[in-house]
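Asker: Fold the following and give me the result.
(one chain, ligands or ions: 1)
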Amino acid sequence: MTEPTERPEPPQPSGLTEPALEAVQVPAPGDAPTPQPPAAAPSPAPTPIRFPSDAELMDGPNALEDEDWEDGEDGEDRENRENSPGSAEGGLASARVSVQIPDYPEDFRAGFACFVGRPNAGKSTLTNALVGTKVAITSGRPQTTRHNVRGVVHRPTAQLVLVDTPGLHRPKTLLGKRLNDLVRQTLADVDVVAMCIPADEKVGPGDRFIARDLADLRTPVVAVVTKADTVSREALAAQLLAVDALGDWADIVPVSAKSGEQIDVLEEVFVGHLPLSPPLYPTGEITDEPQEVMIAELVREAALEGVRDELPHSLAVVVDEIADPRDTSREAGLVKGTGQRLQVRVSLVVERDSQKAIVIGRSGARLKEVGVRARQGIERLLGRKVYLDLHVRTAKDWQSDPKALARLGF
Ligand SMILES: Nc1nc2c(ncn2[C@@H]2O[C@H](COP(=O)(O)OP(=O)(O)OP(=O)(O)O)[C@@H](O)[C@H]2O)c(=O)[nH]1
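Answerer: This next block holds a predicted model:
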């Protein structure tokens, strides 16, 4: 997976190919080109080169503004001009400039925002609401987010890259500790952090734990009171006061990702903290998560629908193989009778056999439902028909086994 804190190389704005001014070459007087006779021809007496006087140079055309000096100019013409003896242009002929006109405004801002907050605070839903499409998985079960899913919000004057993190929490397992480290690493490197606190739950020890952690951070932190639609105006006002007392915030914004209320305000607040920068992602790109991660997340989301509390922590999903029948270079390993469907093989890894039974369900009924739901999401994501093959495996206590964690991509 791409490191969440990595600032990607800004993409080349379309139509621009050379860095500004890189191509400028103004030769020194001694560099005036000397005509070379053809190798085989008898050497005529060399034409003496007269370097123009200062007055001639001042009167002559300014090579940097010379309109005739277009890229389309025929090479022969150029050579003739360069070689024309005594010409003032001969001395300055190779002076050339390429000017870049950026296709984004001068005051364009771009950068990263990161959500933190206790599990289930609404971070993934908020990411999706800001991006305007589903890029992060959500579920009613805590800790469904394991990866830094990025969504990119494109606006005419700004680009906001959202980094969704697992919730910071008191670690109980090795996985828990690694997740916390991952979050801290991310926070130090983004332009603005948003701490999510749900409107419908009292500020508690979990929030205080995170707020304390954020206090040492140099990055500005905005408090976001999520799920504002779930409470009355009075209750929301009381929650805003409680959140205000919790830390030293750059801003406090109540939002509802469900109704869309105040999402635009939050966006504006985030953009205000971003540096002046060219766009970081090409227009239209909304996430840089690898396709396989998106597929695995869709399967995990489908598998977590309606299961008991313990499972979300114990379930990992890995894409084992993606085989395309349209790829004529491969024949082996394709399932016959599935037509041109992309064949996606995925493993659902649990910690105990009892969990395996839950995921599979009676006579495989649950797994079948998971497959149908996940396949629909994957087909929407990829824009083509998919044959989805799900396998459930047990890897005993994988959350506390460093080798198993590495194999599962943590
Ligand atoms: N009514 C309402 N529910 C919301 C809102 N935002 C999120 N939820 C619900 O809250 C639950 C948790 O939302 P998520 O976005 O998965 O929360 P999260 O913070 O990403 O959770 P973790 O991945 O566990 O850290 C889901 O059931 C959402 O549907 C909102 O604005 N209004």
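Asker: Flag every residue of the stretch 251-400 of the chain that's near the ligand.
Answerer: Counting by C-beta under 6 Å from any ligand atom, the residues of the stretch 251-400 of the chain close to the ligand are 256, 257, 258. No exception for glycine: its C-beta is placed from N, CA and C like everyone else's.
Asker: what about the last one, how many residues close to it?
Answerer: Just to be clear, that refers to residue 258. Close neighbours of residue 258, defined as other C-beta atoms under 10 Å, add up to 14.
Asker: you'd agree residue 335 is up against residue 389?
Answerer: Yes - counting by C-beta atoms under 8 Å, residue 335 touches residue 389, with 7.3 Å between them.
Asker: Pipe the residues of the stretch 251-400 of the chain next to the ligand into CSV and attach secondary structure, distance to residue 118 and pLDDT per row.
Answerer: As requested, those are exported to CSV (DSSP: H, G, I helix; E, B strand; the rest coil; distance: C-beta to C-beta, whole Å; pLDDT from 0 to 100):
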residue, secondary structure, distance to residue 118, pLDDT
256, coil, 18, 96
257, coil, 16, 94
258, coil, 19, 93
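Asker: Let me know the closest of those residues to residue 369.
Answerer: Set against residue 369, the nearest of these by C-beta to C-beta is residue 258 (24.9 Å).
Asker: can you pull the pLDDT of the residue nearest to that closest one when sequence neighbours are not counted?
Answerer: Excluding the flanking residues, the one nearest residue 258 by C-beta to C-beta, 6 or more residues apart in numbering is residue 229, at 5.3 Å. Note on residue 229: pLDDT of 97.
Asker: Could you look up the SS state of residue 229?
Answerer: helix (DSSP: H, G, I helix; E, B strand; the rest coil).
Asker: and it, how many neighbours?
Answerer: Other residues close to residue 229 by other C-beta under 10 Å number 16.
Asker: Show the contacting residues for it.
Answerer: 256, 258, 259, 261 (C-beta atoms under 8 Å, 6 or more residues apart in numbering).
Asker: does stretch 205-220 come close to the ligand?
Answerer: No - applying C-beta under 6 Å from any ligand atom, one finds stretch 205-220 separated from the ligand by no less than 11.3 Å.
Asker: Could you pull out the buried residues of that stretch?
Answerer: 206, 207, 210, 211, 213, 214, 219, 220 (16 or more other C-beta atoms under 10 Å).
Asker: Make CSV out of these and add pLDDT.
Answerer: Output for those, formatted as CSV (pLDDT from 0 to 100):
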residue, pLDDT
206, 83
207, 89
210, 85
211, 89
213, 81
214, 86
219, 90
220, 94
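Asker: mind listing which of those residues are in helices?
Answerer: Using DSSP state H, 206, 207, 210, 211, 213, 214 are the members of the buried residues of stretch 205-220 that sit in helices.
Asker: nearest to residue 241, of those residues?
Answerer: Using C-beta to C-beta, the shortest approach to residue 241 within these belongs to residue 207, at 14.0 Å.
Asker: which one is the closest one nearest to, not counting chain neighbours?
Answerer: Distances taken as C-beta to C-beta, 6+ apart place residue 197 nearest to residue 207, at 5.6 Å, with adjacent residues excluded.
Asker: I'd guess that neighbour is in a strand, am I close?
Answerer: Yes - counting by three-state DSSP, residue 197 falls inside a strand.
Asker: What about it, how many residues nearby?
Answerer: Counted with other C-beta under 10 Å, residue 197 comes out at 28.
Asker: And it, how far from residue 230?
Answerer: For residue 197, the distance to residue 230 equals 13 Å [C-beta to C-beta, to the nearest Å].
Asker: neighbour-wise, which of the contacts of residue 229 leads?
Answerer: residue 256 (22 neighbours).
Asker: Next, find the distance separating the residue nearest to that one when sequence neighbours are not counted from the ligand.
Answerer: Nearest residue to residue 256 in three dimensions, chain neighbours excluded: residue 229, at 4.0 Å (C-beta to C-beta, 6+ apart). Computed as C-beta to the nearest ligand atom, to the nearest Å, the residue 229 to the ligand distance reads 5 Å.
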